[in-house]
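[1] Requesting a structural model of the entry that follows:
(one chain, ligands or ions: 1)
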Amino acid sequence: MTLNKKFILPFLAFFYCLVLNSQTDNIKTLSLLETKLIHLGFVNVQQLDSTIRVELKYATTDNFTGIILYDAGFRNAYLHSLAADKLVKAQKILKNIYPDYSLLIYDAVRPLHIQRKMYNVVKNTSKHAYVANPERTGLHNYGMAVDLTICDGSGKPLDMGTPFDYFGRTAGIRDEEGFIREGLLTRQQVKNRQLLRKVMTEAGFKPILGEWWHFNAVSLQTARSQYKVVE
Ligand SMILES: [Zn+2]
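    Numbering: from 1, shown residues only. Here you go, the predicted structure:
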């Protein structure tokens, strides 16, 4: 009995510490930005549907600026609730067709101060034309746009012909048949893009011509007149 207690108590203490540590970790990962977004009523999409995958590219160095743009610890995709509901619908439509597939989010709400940071990084480079001037707000700044792809059951993104944030004409969706004819895209790559567009448009999003990964939940005019930008 005494021997058991001797062994059990340190074990219990060890596990208690583990639990405590993981709780403090959770608190730590809620960055200032995240706290602010929750306060403003934005929704963590994975809390609505935990099967949606998220890999915020601007929270890593794996983006066109090569630097981390989001605050340390900011890992979750937040959207305006209207856009978040549509996204959950899109994931359901996708899973009805391909149960193993999932939407994979690269960027969601993008506060203006992050847009400014991005703009300043590319200001004097060849990439400046591709970043919206933060003085003119865009739908990401309202949590009404999402950048995403589709991944398979192992989390591997489907081949869409170009990477996310590719600055070239084949990122556009206007003339995909032409790109196939020119040998710049394959039929399968275009089919993968069409699947993404199908589930997103059926859920109420609108694609844009220049970027296969970007979808809007409302028009910019609606957002500017009815919703608040996130500073
Ligand atoms: Zn976008």
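
[2] what ranges do the helices span in this structure?
    Remark: helices assigned in the chain by DSSP state H are 2-29, 32-39, 45-48, 81-97, 112-122, 176-181, 187-202, 220-226.

[3] Remind me what the shortest one packs against, helices and strands.
    When contacts are defined as 3 or more C-beta pairs under 8 Å, 6 or more residues apart in numbering; DSSP states H and E, helix 45-48 packs onto helix 81-97. Glycine gets a C-beta too; all of them are placed from N, C-alpha and C.

[4] And for the fourth one?
    Judged by 3+ C-beta pairs under 8 Å, 6+ apart, the packing partners of helix 81-97 are helix 45-48, strand 102-107, strand 145-151, helix 187-202.

[5] so does the second one get close to the ion?
    No: looking at strand 102-107 against the ion by C-beta under 5 Å from the ion, there are no contacts, and the closest approach is 6.0 Å.

[6] beta partners of V54?
    Taking DSSP bridges as the rule, V54 bridges to I105.

[7] before we move on, the earlier item: quick one: which of the helices of the chain is nearest T60?
    Distance to T60, taken as C-beta to C-beta, is lowest for helix 112-122 among those, at 13.7 Å.

[8] Pull out the buried residues from the closest one.
    Residues 112, 114-115, 117-119, 121 are the ones in helix 112-122 that count as buried (16 or more other C-beta atoms under 10 Å).

[9] Around the ion, which positions in the protein sit nearby?
    When proximity is defined by C-beta under 5 Å from the ion, the chain lies next to the ion at 147, 214.

[10] Return the helix or strand in the chain with minimum mean pLDDT.
    Lowest mean confidence among the helices and strands of the chain (mean pLDDT, DSSP states H and E): helix 2-29, at a mean of 48.

[11] Domain map for this structure?
    Domains of the chain are assigned by automatic domain parsing as 1-30, 31-226.

[12] Tell me the spacing between A108 and F74.
    11 Å (C-beta to C-beta, to the nearest Å).

[13] again with Y98
    Taking C-beta to C-beta, one finds Y98 at 30 Å from F74.

[14] neighbour count winner among these two?
    Taking other C-beta atoms under 10 Å, Y98 and F74 do not tie; F74 has more neighbours (20 against 14).

[15] ok, that one touching L30?
    No: here F74 does not reach L30: they are 9.2 Å apart, not a contact under C-beta atoms under 8 Å.

[16] would a markdown table of the buried residues of helix 112-122 with distance to M160 and pLDDT be doable?
    Listed next are these as a markdown table, based on distance: C-beta to C-beta, whole Å; pLDDT from 0 to 100:
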| residue | distance to M160 | pLDDT |
| --- | --- | --- |
| L112 | 28 | 94 |
| I114 | 24 | 93 |
| Q115 | 24 | 91 |
| K117 | 27 | 91 |
| M118 | 22 | 90 |
| Y119 | 26 | 90 |
| V121 | 25 | 89 |
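
[17] Could you dump those into JSON lines and include distance to E231?
    Written out in JSON lines, the entries for these read as follows (distance: C-beta to C-beta, whole Å):
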{"residue": "L112", "distance to E231": "5"}
{"residue": "I114", "distance to E231": "10"}
{"residue": "Q115", "distance to E231": "10"}
{"residue": "K117", "distance to E231": "13"}
{"residue": "M118", "distance to E231": "15"}
{"residue": "Y119", "distance to E231": "15"}
{"residue": "V121", "distance to E231": "19"}
